[in-house]
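1. 3D, please:
(one chain, ligands or ions: 1)
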Amino acid sequence: EGSTTERPPLHVMHVSVEMAPIAKVGGLGDVITALARAVADQGNLVEIILPHYQFFGASPMLQHMEYETNFDWGGCGITVSRCIVENIQVFFIQPSNGMFAKDAVYGWNDDGQRFDFFCNAALEFLLQTGRQPDILHCHDWSTAEVAGAFWGNYHQYGLWKPNVVFTIHNMNYGQAKIGMASAASQVTTTVSPSYAGEVSGHPAVSGATAYGKFHGVRNGIDPEIWDPDTDQFLPMNYNADTHEAGKRRAREEIQGRLGLTWGADQPLVGVVSRLTAQKGLDLIKHSIGHSLKRGAQFVLLGSAPDPRVQGDFNALAGSMGGPNAAFCFAFDEPLSHLVYAAADFILVPSMFEPCGLTQMISMRYGAVPVVRATGGLRDTVFDLDNDKERAAWEVDGSTDYKATGDQTNGFSFDMTDTQGLEYALDRALDSYYNDKKWFRSLQERIMRQDWSWNRPALDYIELYYAAIGK
Ligand code: ADP
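-> Prediction:
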């Protein structure tokens, strides 16, 4: 086994239906972009194949789109164009039958068939243009089809070189497809070690687990995209040395925009989340009243795909919204940056969480995470009172936390009931009220921790080489 420098650079081709910021629904979109960039930074060629959605419209990021090729497939003309997005070459698949003439990524009855068609067209594009990447990297149920179709219809018919890596970003959707892809792939990964452990017994991945080809690699965040020191959506940029002034300006800005009173001595608790059952809806609701009772302010930025859930939250906003609680029901990327910057705490009380990005983003912006210790939340948030040794190991690779210093970075709880939540939230708020100076130093510490892709990208590169047998 050679070191990375002795091995040839890799050509990795992602096939995905999301990519931030042009086609972002949730964490998957962020991960595709950031992982691609991090692996490319290590000297590899990384490209992405994406559907050409109608909602791109005249996106300024795509104004240099160029024609690449066209061919017929499945009784339909396919046009492929290319564009550099966030420094990565992206190929866009556009079928002439209008299959992706949609205003969103998901949400139609034929999503499954549309994405299967996209996956096959992506493979056909590689075959037609003689491209032979080392790795085909597909993601979740939506591009699981790549794994099966590649080995069934393409590998022995000219697309000889690639091996397949499949990443499960969320086990809860499309389990039959996930099972198929994890059986057909050389390596299957999921997005944190704890989540890998939690789902390893699931029938969809038990085969991959038994063959030792199922791995948990935690996601990272892109440190350039999420950087309060350069963030264009903030009224004032800041870093670990200047966070007090920067966060104060962000707080003033959000106060003005969302109609909060100036709460100089009140901690601000924020939630930035899709409002789905996974995210712990009852606990999010409970935390609002509880935060107000404890004298804090609260901001919720959330989007609910289910109208009944939206109805519940509208009612809550009606009864609790006011000078100390603001509700914004939208998917609003710029506002999300402002919430991370303004908040003292970001709450993530998920029932399950494959990795979760919001807690890592919040740390980078100096907001202390308060989380339920599940999946990737457990692997990235270390409780101030209970996790000193685990934190030293995970952050510094040290078994002696007294030598490396305290690397704990948040507050966590295990139970799914409101008592669990209050146990963590009360300690968090107390820590703020008890000693502001200490709290500011905690914010500085978490801003300096490295939740980028630096380390996980190296793990993926190892797995890519393992997939091709090198
Ligand atoms: P998931 O993929 O399950 O939604 P993650 O924590 O992995 O959860 O990723 C969520 C991403 O989506 C983060 O970048 C977060 O900032 C963003 N996000 C979630 N809800 C909203 C919203 N309402 N407005 C803007 N961004 C949001």
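2. what's the nearest residue to Asp227 if we skip its chain neighbours?
-> Arg364 (7.2 Å; C-beta to C-beta, 6 or more residues apart in numbering). Backbone N, C-alpha and C define where each C-beta goes, glycine included.
3. pull up the pairing partners for the helix or strand hosting Leu136, direction included.
-> Using DSSP states H and E, Leu136 sits within strand 135-139. Its sheet considered, strand 135-139 pairs with strand 11-15 (parallel), strand 163-168 (parallel) by DSSP bridges.
4. what does the last one rub up against?
-> Right, the one you point to is strand 163-168. 134-140, 144, 146-147, 150-151, 178, 181-182, 184-191, 199, 205, 354, 463-464, 467-469 (C-beta atoms under 8 Å, 6 or more residues apart in numbering).
5. residues from the stretch 251-400 of the chain in reach of the ligand?
-> Contact residues, the stretch 251-400 of the chain versus the ligand (C-beta under 6 Å from any ligand atom): 272-274, 301-303, 331-333, 336, 355-358, 361.
6. try 5 Å
-> 272, 274, 301, 303, 331-332, 336, 356-358 (C-beta under 5 Å from any ligand atom).
7. please state the offset of the strand holding Leu136 from the chain centre?
-> The chain centroid and the centroid of strand 135-139 are separated by 17 Å under C-alpha atoms, centre = their mean, to the nearest Å.
8. and the contacts of it?
-> Residues contacting strand 135-139 (C-beta under 8 Å, 6+ apart): 10-16, 28, 31-32, 119, 144-147, 150, 162-167, 169, 181, 185, 464, 467-468.
9. at 7 Å instead, please
-> Outside of strand 135-139, the residues within contact range by C-beta atoms under 7 Å, 6 or more residues apart in numbering are 10, 12-16, 28, 32, 144, 146-147, 150, 162-167, 169, 181, 464, 467-468.
10. number of nearby residues for the residue lying closest to Ile284 once chain neighbours are set aside?
-> Leaving aside its sequence neighbours, Ile284 sits nearest to Val271 (C-beta to C-beta, 6+ apart; 5.7 Å). Using other C-beta atoms under 10 Å, the number of residues around Val271 comes to 27.
11. measure stretch 380-392 end to end?
-> 12 Å (C-alpha to C-alpha, to the nearest Å).
12. now do that stretch, average pLDDT.
-> Averaging pLDDT along stretch 380-392 gives 95.
13. who's in contact with the closest residue to the ligand within the chain?
-> For the chain, the residue closest to the ligand is Gly27, as judged by C-beta to the nearest ligand atom, at 2.3 Å. Residues counted as contacts of Gly27 (C-beta under 7 Å, 6+ apart) are 169, 355, 357.
14. Val269 now?
-> Contacts of Val269 (C-beta under 7 Å, 6+ apart): 287, 291, 296, 298, 343, 345, 347.
15. how far does the worst-scoring helix or strand of the chain on mean pLDDT sit from its chain's centre?
-> The weakest-scoring helix or strand in the chain, judged by mean pLDDT, DSSP states H and E, is helix 401-404 (a mean of 82). Centre-to-centre, helix 401-404 and its host chain are 31 Å apart (C-alpha atoms, centre = their mean).
16. ditto for stretch 361-372
-> The mean C-alpha position of stretch 361-372 is separated from the chain mean by 14 Å, C-alpha atoms, centre = their mean.
17. going forward can the numbers begin at 48, since that is how I track them
-> Okay, using 48 as the starting number, the last item reads as stretch 408-419.
18. for that stretch, which outside residues touch it?
-> 268, 273, 275, 290, 294, 317, 327, 387-388, 390-397, 406, 424, 428, 456-460, 471-472, 475, 489-490, 493-494, 496, 498.
19. show me the strands in the stretch 348-497 of the chain, by range?
-> Assigned by DSSP state E, counting those that start in this stretch, the stretch 348-497 of the chain shows strands spanning 372-375, 392-395, 415-419, 458-460.
20. partners of the second one in the sheet?
-> Listed by DSSP bridges, the sheet partners of strand 392-395 and their directions read strand 315-321 (parallel), strand 415-419 (parallel).
21. what of the last one?
-> Its sheet considered, strand 458-460 pairs with strand 415-419 (parallel) by DSSP bridges.
22. which residues in the stretch 198-347 of the chain form helices?
-> 222-231, 240-246, 250-257, 290-305, 328-340 (DSSP state H, counting those that start in this stretch).
23. mean pLDDT lowest for which of those helices?
-> helix 250-257 (a mean of 92).
24. that one versus strand 210-215: what angle between them?
-> 130 degrees (axes from the mean of the first three to the mean of the last three C-alpha atoms, to 10 degrees).
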